[in-house]
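J.: Let's see this in three dimensions:
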Amino acid sequence: MTAPGRSPQPRTGAPQEAEDAIRAQIGHSVERVFADCADDAAHAAVERGEWPQPLWQAVTQAGFAAATAHASHGGIEARWIDAWPILFGIGYWQVPLPLAETMIGAMLLSIAGEQPPPDAITLIEHADDAQLALGGTRQRPTLAGNADRVAWARHCRWALVSIPAERALLLVDLRQDERVQLKPGANLAGEPRDGIVFADARVALRVAQPLPGLELPLRQLGAFARSAAIAGALESALAQSVRYAGERIQFGRPIGRFQAIQHSLAILASEAVAARTAALVAAASAPSIAAGDPSRAAFDAAVAKLRCSEAATRGAPIAHQVHGAIGFTREHPLHRATCRLWAWRAEHGSDAQWALWLGRAAIDAGSKGFWPWLTAGAQQGCAGPER
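T.: Sure, this is the predicted structure:
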């Protein structure tokens, strides 16, 4: 049986076999660490407002947080398609950590030639919910303004901030006494999503945008990462639903034998596969230290986030319908997957926002430009890991 997040790959020669071996090793490590450490105790700690240190320690010791960084910075220069099991596993095991954010931050800093910090990193997009201004001098820059719904801010030492107008990324220490004030908040799943007020906060590091091919690197890479996590959470909801349908006896037989339940599970499975496929295509083009195609990455991330958000909207209610009342209780783990599905839809751009972005891209390219580019890109994307 194939473990979650991994799938059999065709053998097409030594290079492909080496890549498959790396991905399989990462997948086995992910399954071992997340299955053992992303447990009830870790979730209970987060619910109490505490940092799940044992889980974070296990993740960092396994090398997940720095996997995408340069080898000289403690990473393995993993491509995003290699790191797919980590991102998928975040959703499948509902890992209560800013792991994806830290991986993105570590990669961007490493590409810029800077050593990523050893602590957790959160991301702040200068987008609809952030009003930020860069001040100070070139030698001593400062940051003023506010940002809302910042993932895990209360537990992160560092924030990587995008300033598109300056074509720059800023690394800011979030522990600056009165210069950085936090307003605790949470998403629907109870994950920390805090407000931050910067009062001329000192900027520890300013680097030029290291991925010129991406207009909004934090938003677009974040959208891809959330898409992979949504695919994982959908797979978890599907697995729980299939298992429950086989165990729950009604009218003398498991409810999974009733055609109506089978039909619902088939729809849920199709949504899970669609989400996984879209996220895998985005993973194949997402830029990394080793590879990537920035010219396609933004488009693929937009498609993935849109399709995965739609799958979450359609799939989560089916999982609850199959489980009935027990699926809504705190004692049952289903809510950890479904609440994250509902919450993650809106993070790093909602499906409506990405649909608008895709529509504008089609209009800007015109009928003679968009379709040839789209079909050529689709052919390239099919050469990815799931061909």
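J.: This structure - how does it break down into domains?
T.: 14-111, 121-208, 217-381 (automatic domain parsing).
J.: Can you classify residue 315 as helix, strand or coil?
T.: helix (DSSP: H, G, I helix; E, B strand; the rest coil).
J.: Counting neighbours, what do you get for it?
T.: Look at residue 315: counted by other Cβ atoms under 10 Å, it has 28 neighbours. For glycine as for every other residue, the C-beta is placed from the backbone atoms N, C-alpha and C.
J.: In three-state terms, label the nearest residue to it once chain neighbours are set aside for me.
T.: Nearest non-adjacent residue to residue 315, counting by Cβ to Cβ, 6 or more residues apart in numbering: residue 271, 4.2 Å away. Assigned by three-state DSSP, the conformation of residue 271 is helix.
J.: does residue 271 really touch residue 313, like I thought?
T.: No. Taking Cβ atoms under 8 Å as the definition, residue 271 is not a contact partner of residue 313, at 9.0 Å.
J.: Can you list the low-confidence ranges for the stretch 151-300 of the chain?
T.: 292 (pLDDT under 70).
J.: Please tell me I have it right and residue 197 contacts residue 178.
T.: No. Residue 197 lies out of contact with residue 178 (Cβ under 8 Å); the separation is 9.9 Å.
J.: Just the buried positions in the helix or strand where residue 236 lies, please.
T.: Using DSSP states H and E, residue 236 sits within helix 217-247. Residues of helix 217-247 classed as buried: 217-238, 240-242, 244-245 (neighbour count, 16 or more other Cβ atoms under 10 Å).
J.: same check, this time on stretch 166-177
T.: Going by 16+ other Cβ under 10 Å, stretch 166-177 has these buried residues: 168-174.
J.: and stretch 196-207, which residues are buried?
T.: 196, 198, 201, 203, 205-207.
J.: From the chain's centroid, how far away is it?
T.: Relative to the centre of its chain, stretch 196-207 is centred 25 Å away, using Cα atoms, centre = their mean, to the nearest Å.
J.: Residue 335: neighbour count?
T.: Residue 335: 21 neighbours (other Cβ under 10 Å).
J.: from here on, count from 51
T.: All right, first residue 51 from here; so that's residue 385.
J.: And the strand or helix carrying it, what does it pack against?
T.: Element membership for residue 385 (DSSP H and E) is helix 384-394. With contacts defined as 3 or more Cβ pairs under 8 Å, 6 or more residues apart in numbering; DSSP states H and E, helix 384-394 has these neighbours: helix 134-142, helix 267-297, helix 344-373.
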